[in-house]
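J.: Predicted model and sequence below, questions to follow.
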Amino acid sequence: MYDKKSLKAEEFINHEEVLRTLNWAEENKNNLELINEILDKARPTRVGRDTFCKGLSHEEASLLLACEDKGILEKIYDLAEEIKESFYGKRIVIFAPLYLSNYCVNGCIYCPYHNQNKHIPRKELTQEEVKAEVIALQDMGHKRLAIEAGEDPVNNPIEYILECIDTIYSIKHKNGAIRRVNVNIAATTVENYRKLKEAGIGTYILFQETYHKESYEKLHPTGPKHNYAYHTEAMDRAMEGGIDDVGLGVLFGLERYKYEFAALLMHAEHLEAVHGVGPHTISVPRVKKADDIDPTTFDNGIDDETFAKIVALTRIAVPYTGIIISTRETQAVREKLLKLGVSQVSGASRTSVGGYTEEERPTETEQFDVSDQRTLDEVVRWLMERDHIPSFCTACYREGRTGERFMSLCKTGQIQNCCQPNALITLKEFLMDYASEETKKIGEKFLQEELKKIQGVNEAVYKALINNLKEIENGKRDFRF
Ligand code: SAM
């Protein structure tokens, strides 16, 4: 039976409830009156100086997804843009993945790291190699990483992951520093999540891949990841272990997108109901070509239009949850999705173990083909040219603004008062330390324009910010609001 407060996977992601939701959505998809009512309810409302958004239930969001009316689609896009603007402003947070090891005991049939793949070279970074990769990432200007590894209790046990996190945080090269390490490793025990928390991680990210249990078991035929309940209940264990920022995701293309979308929102509702805080982020990867993987063998690929609609509806349904888009997507797709609700992008990613220290992009151990292959400098410039503020900010997590505390600040729009200036501070650092001449020129002009917008609106913030920017020019680093 469906129970969002249950701790059992099959009760909070209840198959019958997903099917009931999809049937109801299909039956009502032409009820434009109801659909317009739902859209109205989801609009941001102002109470005094604060802005609130109610979000959407999995049923409401599924109904909007089912609706094929062109006028409604326009309204969905407009509302997603409005919500994005209200809660995130123009900021886009930038990060890079760091692949530690591709040893894996699982048999995931969409991933080239599956253990039946005997020709892919297996590699695990030594601590010296981690150091070299981190220096290469710092030299580009990165401040946030998402570490990635296959699941292999012998070759990459939790102790190895913890040692790598320690190494990453310890490296201070020139003005560089990795200030937030997010972790994307296989589902594990409460005890291990506690150790990750103690190691100072930011978000724990785990993609569900698919919420459809039967498909999940077929797609993960062997290895510990085969266990649907253990995987689906991982975020509850992570939260029990003290991690309060967790990141969900579905690998789109494996199962029918309407099923995944309803279930993903049910997962978010479950976390909110049980832990009082929803997911910190949602990632929306699509299956890509990789070593021995052909994405066309999966029947459920989605086109760019459907993908954009999913992102926009995610923005509307969970307004306080960050949305992450990776370099699996092309520049053009990323550009469209930024407006519709994406708040974080990866940049200059290399998805192979040890890829950042190679002169040429290595492809033989890549986890998937990277579509957006631009440098970080190009990504930063592109964002500014499209009127987004590139941000390397890590302040919330370092100031203890995580989990429930982050959400309640975010819900009242307060986070804007620190996020906008922090974004500008970290952009200034990037311009001073890593930008090309051209990016620096565009960036300084862009910064001045943004400063003008703060002046007169929030004089105290403006003055402090001007001070910080001057200090950065004088060689100091790491200011934050
Ligand atoms: N091994 C960890 C686990 O089992 O959750 C996570 C690390 S894995 C490097 C990160 C994610 O890459 C996976 O969760 C999966 O969604 C995604 N991935 C795997 N194969 C992919 C492919 N061919 N195309 C796009 N994404 C893929």
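T.: In hand now; what should we look at? Numbers count the residues shown, from 1 in each chain.
J.: CA only for contacts and neighbour counts going forward, please
T.: OK.
J.: which of the residues in stretch 300-320 are buried?
T.: Across stretch 300-320, burial judged by 16 or more other CA atoms under 10 Å covers 301-302, 307-320.
J.: should've said stretch 210-230
T.: Buried positions in stretch 210-230, judged by neighbour count with 16+ other CA under 10 Å: 210-213, 216-217, 219-226, 228, 230.
J.: Give me the contact status of it with the ligand.
T.: No: using CA under 6 Å from any ligand atom as the criterion, no contacts between stretch 210-230 and the ligand are found, and the smallest distance is 6.7 Å.
J.: Which strand or helix spans Glu429?
T.: Mapping Glu429 onto the secondary structure by DSSP states H and E places it in helix 415-433.
J.: So what touches the helix or strand following that helix?
T.: Sequence-wise, the next helix or strand beyond helix 415-433 is helix 437-454, with elements assigned using DSSP H and E. Counting contacts by CA atoms under 8 Å, 6 or more residues apart in numbering, the residues outside helix 437-454 that touch it are Asp377, Glu378, Val380, Arg381, Met384, Leu424, Lys428, Leu431, Met432, Val461, Tyr462.
J.: what's the distance between helix 437-454 and the middle of its chain?
T.: Remark: helix 437-454 is offset 26 Å from the chain centroid, using CA atoms, centre = their mean, to the nearest Å.
J.: Now do that helix against helix 415-433: the angle between them, please.
T.: Interaxial angle, helix 437-454 versus helix 415-433 (axes from the mean of the first three to the mean of the last three CA atoms, to 10 degrees): 150 degrees.
J.: Which SSE is immediately downstream of helix 437-454?
T.: Downstream of helix 437-454, the first helix or strand assigned by DSSP H and E is helix 459-473.
J.: Up against the ligand, what does this structure have?
T.: Listed as neighbours of the ligand in the chain under the rule CA under 6 Å from any ligand atom: 110-111, 148-151, 184-186, 206-207, 209, 251, 286-290, 368.
J.: And for stretch 198-211, what's in contact with it?
T.: Against stretch 198-211 from outside (CA under 8 Å, 6+ apart): 13, 162, 165-166, 180-187, 216, 231-232, 235, 238, 243-252, 254-255, 259-260, 263-264, 280, 283, 397.
J.: hmm, back to that, elements contacting the helix holding Glu429?
T.: For helix 415-433, the elements it packs on are strand 389-391, helix 403-411, helix 437-454, helix 459-473, judged by 3 or more CA pairs under 8 Å, 6 or more residues apart in numbering; DSSP states H and E.
J.: can you pull the buried residues of it?
T.: Neighbour counts using 16+ other CA under 10 Å place 415-416, 419-433 of helix 415-433 among the buried residues.
J.: got the CA coordinates for that helix in CSV?
T.: What follows is helix 415-433, C-alpha atoms only, in CSV (Å, rounded to 0.1, in the frame of the first residue of the first chain):
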residue,chain,number,x,y,z
ILE,A,415,19.3,32.8,0.5
GLN,A,416,19.4,35.4,-2.3
ASN,A,417,20.9,37.9,0.1
CYS,A,418,24.0,35.8,0.5
CYS,A,419,24.0,33.8,-2.7
GLN,A,420,24.1,36.7,-5.2
PRO,A,421,27.1,38.5,-3.5
ASN,A,422,28.9,35.2,-2.9
ALA,A,423,28.5,34.3,-6.6
LEU,A,424,30.1,37.7,-7.5
ILE,A,425,32.9,37.2,-5.0
THR,A,426,33.8,33.8,-6.4
LEU,A,427,33.5,35.0,-10.0
LYS,A,428,36.0,37.8,-9.1
GLU,A,429,38.4,35.2,-7.8
PHE,A,430,38.0,33.2,-11.0
LEU,A,431,38.7,36.3,-13.1
MET,A,432,41.7,37.3,-11.1
ASP,A,433,43.3,33.8,-11.0
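J.: For it, give the mean pLDDT please.
T.: Over the span of helix 415-433, the pLDDT mean works out to 91.
J.: Show me how far that helix is from its chain's centre.
T.: Here helix 415-433 shows a centroid-to-chain-centroid distance of 19 Å under the convention CA atoms, centre = their mean.
J.: tell me the angle of that helix relative to helix 459-473?
T.: For the pair helix 415-433 and helix 459-473, the angle between their directions (the same axes, to 10 degrees) equals 20 degrees.
J.: Helix 415-433 vs helix 403-411, what angle?
T.: Angle between the axes of helix 415-433 and helix 403-411 is 100 degrees (criterion: the same axes, to 10 degrees).
J.: what's in contact with helix 415-433?
T.: So helix 415-433 is in contact with 87-89, 91, 141, 175, 389-393, 395, 406, 409-410, 439-440, 443-444, 447, 461, 465, 468-469, 472-473, 477-481, going by CA under 8 Å, 6+ apart.
J.: how far away is Leu73 from Tyr88?
T.: The span separating Leu73 from Tyr88 equals 22 Å under the rule CA to CA, to the nearest Å.
J.: returning to what we had before: now the buried members of the residues of the chain next to the ligand.
T.: 110-111, 148-151, 184-186, 206-207, 209, 251, 286-290, 368.
J.: and Gln138, how far is that from the ligand?
T.: According to CA to the nearest ligand atom, to the nearest Å, Gln138 and the ligand sit 21 Å apart.
J.: who's in contact with that residue?
T.: If a contact means CA under 8 Å, 6+ apart, then Gln138 has His173, Gly176, Ala177, Ile178 as its contacts.
J.: all helices for the stretch 101-250 of the chain, in order.
T.: In the stretch 101-250 of the chain, the helices defined using DSSP state H, counting those that start in this stretch lie at 127-140, 158-170, 190-198, 213-219, 228-232, 234-240.
J.: Same check on the stretch 251-400 of the chain?
T.: Along the stretch 251-400 of the chain, counting by DSSP H, counting those that start in this stretch, helices occupy 257-275, 304-317, 331-340, 376-385, 395-398.
J.: so which of those helices comes closest to Leu34?
T.: Ranking the helices of the stretch 251-400 of the chain by distance to Leu34, with CA to CA as the measure, places helix 304-317 first at 16.1 Å.
J.: Return the helix or strand in the chain with minimum mean pLDDT.
T.: In the chain, the helix or strand scored least confidently by mean pLDDT, DSSP states H and E is helix 403-411, which has a mean of 79.
J.: tilt between it and helix 257-275?
T.: Angle of helix 403-411 versus helix 257-275, following the same axes, to 10 degrees, is 110 degrees.
J.: Comparing the helices and strands packed on helix 415-433, which yields the minimum mean pLDDT?
T.: When the helices and strands packed on helix 415-433 are compared on mean pLDDT, helix 403-411 scores lowest, with a mean of 79.
J.: who's in contact with that helix?
T.: When contacts are taken as CA under 8 Å, 6+ apart, the neighbours of helix 403-411 outside the stretch itself are 51-53, 87, 244-245, 276-277, 280, 320, 396, 415-416.
J.: Any regions of the stretch 51-200 of the chain where pLDDT drops low?
T.: Segments of the stretch 51-200 of the chain classed as low confidence (criterion: pLDDT under 70) are not present in this model.
J.: ok, now how distant is the closest residue to Gln373 other than its chain neighbours from the ligand?
T.: Excluding the flanking residues, the one nearest Gln373 by CA to CA, 6 or more residues apart in numbering is Ala348, at 6.1 Å. Ala348 is 16 Å from the ligand, where distance means CA to the nearest ligand atom.
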